[in-house]
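Trainee: for reference, the sequence and a predicted model appear below.
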Amino acid sequence: MAPARISMVHSAPATATAPALMHRQLSSTSSSGSSGSSSTSSSFASSSSSSSSSPLSTSTSHSPPSAKMLSRRRSSRRTHQHQHHHQHHHHHRPALTAAQRFFSMPELVNMLCAYASLDRVDLRALAAVNHTLHALALRHWAQHLDIPLSRADAILNLCTANPLLLTHIRTIRIRNDLLQRTHDIGTVFSASSSSSSSSSPSHHPQQQPRWNELKLLLAMVAAQPSSFLTPPAIDITIGITEADSLYAAFQPFPRLHQRIAALRILPDIDTHAGAVDEQEEYLDMWDHNWRRLAQLITKIHQEATAGIDGAEYNDDDDEEEEDDDDDGEGEGEGEGEGEGVQAGPGLRVFQFAHFDIEYSDYDWTPSPIPLDFWAPFSHATAASLHELSLTLASADLPDDIFPLLAHNQLRTFTLSRSASGPVDALEDFLDHNQRTLEDLVLEIGDPAEPLSLKQTFPRLRYSHIFAEEYVSQSTQLDRRIDFAKRHPHLQGTAHRYLTYGVPNFPHGIYPNLRVLSSDDSAFEEHALQRISSASTPERHPRPEESSPPGLSHLRGGSDLATLASDSWLARNPPAARAITALEFRYKRDLLTELLPHFPSAFSSALLPNLAELSIEFANSASRDFFSVVSPAISVLTERLLGEVLAALVGARALRVLRLRDREGRPLLRDETRAARRGNHQAPPPQQQQQQQQQQQQQQQQQQAPSPYSGGGSGNGRVAHDYFSRHFDFEIEDDDDEHQYEEAFDDENGDGVWLASALACAGLSSSVSSSAADAADAAGDRGQEDADADEFLLLDFDSFPPSLEYVGWDVPAQNTTHWYRVVHALPSSSASSSSGTHKGKLQRIPERFRTRITAGDGVWERTFDSMRRPTVLDHVPRAGPVLRRS
């Protein structure tokens, strides 16, 4: 069970966070301990005095003492005086505060770091305090090292200055963050991929992937003694045109090959009509890049299986067993390969997607993947691969590809394609993986023959199967119903309405379904049959079922105007009580048109357990595309977001809110509201210049930098003042500027999160300039994103009482801006009698929701983009869960 999230950036010590609770516990322990020690000291003193007087009181001789006896007495008196002076000095020594005792225990501080690392920003604020906490916090930060290629140089500088960090690395994610801003993979095409060429890396020559720096980083990791036994697991996301660069970066380090667990290949091609030269170069290198990729995958397989003396990887429980031999520790990487090294699991995940030609520009036709790639790929991954996810081009024929694949233990298989041709080979491939498949997504357009749906998958939990065959709808429906009856354990599916007048969910199918993508009629049919089955005497709820049985997570679109008054949810209260997540998509409705219906549609009176809400709406620019006057793109403003939050105050169980439109831009700051923020307002330009001059003078007066220093903006001093004031204890006086601000990695630059965390604690001094400096140092964002980071803290008058996270999709940058809610203190005037709650939104990295699988080290990312919006897992009957690594 994941630990509860705490906030290290609250504005007063009254917040009931884990540090505060531990503070109170330690305070009681300290007081009781000090009283106990005092009584012990008193009793020891009394017993000492009594024992010291006993020799004199028992002496009965009247003869004068001898010289030897006088010497012994004088020595005894000196000893007693020394003991009494020591006891008196110890009695008056000031007792340690609870916070001092807490931070003197590395084990407790490590627990605090684990809590603080959940949202990442708290970990950085903690690391900014002093050397001791810095070192402990950085160890947690380095355990799962995220390396965006545009920032590899900064991370290299950090690891060079702090080489001990390398010993704590357990997993590494390498990704071309520049390509991720303009390209994506998944079964649903990202609109930004074909419309954002102006944001492509070629238009920003100062931002380039740092392959040389990555190679140096890998050399440092490979040279660590721990890498000789268990190298860190590696997850990689690059473009297909970078196959040569990736191969060259790993080529000198055989031990790291065996730990590459995931390869995600982006289709990095500009499909616009004017990019003729880029397209020609792309096609010229197409076959070569795939051959190079096949060579890399072959080396992964060779290093994971060959040359290992007795070391084996247990695929059943993903646990690694150590080999007793430890040879080759002093040898070069090229000698004694694999000796004494634990066997790696081999490649676990492979994802690749052509541009989906149904959505992209029609003047671009992807080339097929060379057939000579598939045979070595199959040989190298057949025994290890757990996920194979592909979007194929029209020229990639299943009957050519799948006979070459020998995989028989896939857990996840996703195939999206728009092509003609027989599917016999695909059917055989599914037959071979019946025993292990848990997640199956098939989106096939215009096949020559229908899918048989004859397979039975005993472990299947989610399926989405759609093929536009030219067969009668009744025949296809019969096959789907028969498939459903063979899979009663299915927990999630996507259903498309086939024909009217025929029930979608005949009684008895999908009894354990929790997640459904469909329309209102299908939702209601399933709800009615579940309510009916639950009321039968045979139905006995299991002890772990704390929520009603039935659908908990719906994807579709309902009429918000009638949702609370005349909808299937209003007619079926038991079904409404079971709902914990809603994903609604509206192609024609604007947010301003939907907003008036939020208070009634999403109130707890209708949906008492709604924990997560995702709304996709239209933009005026896309809806009025054919108008005579080109409409301006409507932008989500801070004021409008405040109205959305106020409209959802009645959703008392809501924990996660996500908003999206296809033309979304970063959240627009409301200058009027910013002017009312007081201490969170950015100082005037003249005052900013004075602050910058003062900071420069202070930096010039500083002594030689420590191994952690370099290029910061003074946040260490601000954090020092905050923590010493908040926890009531003195922290050592070090003027660290913390070089790690430049290297923090999460998507949008961690220096920004540090400034945000400090500002959220009420530390307005130097925060504004720090945020700007951090935004400049991040270097891997577009101008719009940099502007968005200028207002990392947003004050709002009303929040749903349970809200934890707010997400705003920015398709132009292929990302989601996530904020966490920092509620105002209950004891303040922020909470009114009406139940509204004031608070702030604090920007956090998207990585907070990324789960890393144990053993394999795969950074999970669902290939099906339609299933990415939700943060919580709504399948468990005990309620929604935020799954952590």
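Mentor: All right, it came through fine. Fair warning: this is a prediction, and the values are worked out from it, not measured in the lab.
Trainee: show me the shaky parts of the stretch 351-500 of the chain.
Mentor: 355-364, 418-420, 448, 467-475, 496-500 (pLDDT under 70).
Trainee: quick one, helices of it?
Mentor: Under the criterion DSSP state H, counting those that start in this stretch, the stretch 351-500 of the chain carries helices at the ranges 371-381, 398-401, 424-432, 473-485.
Trainee: count of neighbours near D566?
Mentor: 10 (other Cβ atoms under 10 Å). All C-beta atoms are positioned from the backbone trio N, CA, C, and that covers glycine.
Trainee: so it lies in a helix, does it not?
Mentor: No. Under DSSP: H, G, I helix; E, B strand; the rest coil, D566 sits outside any helix and is assigned coil.
Trainee: any idea how far it lies from S600?
Mentor: Distance of D566 to S600, given as Cβ to Cβ, to the nearest Å: 12 Å.
Trainee: for G556, same thing?
Mentor: Distance of G556 to S600, computed by Cβ to Cβ: 19 Å.
Trainee: and what of T171?
Mentor: 46 Å.
Trainee: and these two? Which one has more around it.
Mentor: T171 (22 against 17).
Trainee: test my guess that the more buried one contacts I147.
Mentor: No. Contact criterion Cβ atoms under 8 Å: T171 and I147 do not qualify, at 11.0 Å.
Trainee: and the nearest residue to G556 once chain neighbours are set aside, how many residues sit next to it?
Mentor: In this structure, G556 finds its nearest non-sequential neighbour in D519, 5.4 Å apart by Cβ to Cβ, 6 or more residues apart in numbering. By other Cβ under 10 Å, the residues close to D519 number 16.
Trainee: then the one 4 residues further on?
Mentor: The burial count assigned to F523 is 24, neighbours taken as other Cβ under 10 Å.
Trainee: that one: helix or strand, and which one exactly?
Mentor: Under the criterion of DSSP states H and E, F523 resides in helix 520-534.
Trainee: state the mean pLDDT of the helix or strand just after that helix.
Mentor: The first helix or strand that comes after helix 520-534 along the chain, using DSSP H and E, is strand 553-556. Mean per-residue pLDDT for strand 553-556: 91.
Trainee: after strand 553-556 comes which helix or strand?
Mentor: Toward the C-terminus from strand 553-556 - assigned by DSSP H and E - lies helix 568-571.
Trainee: so which bits of that next one are buried?
Mentor: 568-569 (16 or more other Cβ atoms under 10 Å).
Trainee: show residues contacting that helix.
Mentor: 520, 523-524, 527, 558, 563-564, 575-576, 579, 606-607 (Cβ atoms under 8 Å, 6 or more residues apart in numbering).
Trainee: average pLDDT for it?
Mentor: The average pLDDT for helix 568-571 rounds to 90.
Trainee: mind giving me the packing neighbours of the following helix or strand past it?
Mentor: Of the helices and strands lying after helix 568-571 in sequence (DSSP H and E), the nearest is helix 573-578. Packed against helix 573-578 by the contact rule (3 or more Cβ pairs under 8 Å, 6 or more residues apart in numbering; DSSP states H and E) you find helix 520-534, helix 568-571.
Trainee: following the one helix or strand R264 maps to, which helix or strand shows up next?
Mentor: Secondary structure assignment for R264, by DSSP H and E: strand 260-266. The C-terminal neighbour of strand 260-266 among helices and strands, as given by DSSP H and E, is helix 276-284.
Trainee: what's next to that following helix, contact-wise?
Mentor: Here helix 276-284 has contacts from 241, 269-271, 364, 367, using Cβ under 8 Å, 6+ apart.
Trainee: next structured bit after that helix?
Mentor: Going down the chain from helix 276-284, the next helix or strand is helix 286-305, by DSSP H and E.
Trainee: that next one vs helix 276-284, what angle?
Mentor: Interaxial angle of helix 286-305 relative to helix 276-284 (axes from the mean of the first three to the mean of the last three Cα atoms, to 10 degrees): 50 degrees.
Trainee: model confidence over helix 286-305, on average?
Mentor: On average, helix 286-305 scores 95.
Trainee: repeat that for stretch 857-875.
Mentor: On average, stretch 857-875 scores 87.
Trainee: end-to-end on that stretch?
Mentor: Stretch 857-875 has an end-to-end distance of 24 Å (Cα to Cα, to the nearest Å).
Trainee: mind exporting stretch 425-434 as CSV, just the C-alpha atoms?
Mentor: The C-alpha coordinates for stretch 425-434 follow below in CSV (Å, rounded to 0.1, in the frame of the first residue of the first chain):
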residue,chain,number,x,y,z
ALA,A,425,-1.5,-15.2,-39.5
LEU,A,426,-2.8,-12.7,-36.9
GLU,A,427,-5.3,-15.3,-35.7
ASP,A,428,-2.6,-17.8,-35.3
PHE,A,429,-0.5,-15.3,-33.4
LEU,A,430,-3.3,-14.7,-31.0
ASP,A,431,-3.7,-18.5,-30.5
HIS,A,432,-0.1,-18.8,-29.4
ASN,A,433,-0.5,-16.1,-26.7
GLN,A,434,-3.9,-17.2,-25.3
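Trainee: touching that stretch from outside, list them.
Mentor: With Cβ under 8 Å, 6+ apart as the criterion, stretch 425-434 contacts 398-399, 401-403, 405-410, 413, 415, 437, 440, 451-452, 454-458.
Trainee: all the helices of the stretch 551-700 of the chain, in order from the start?
Mentor: Counting by DSSP H, counting those that start in this stretch, the helices of the stretch 551-700 of the chain are 568-571, 573-578, 591-594, 598-601, 620-623, 638-647, 671-675, 685-701.
Trainee: so what's D482 up against?
Mentor: D482 touches L453, counting by Cβ under 8 Å, 6+ apart.
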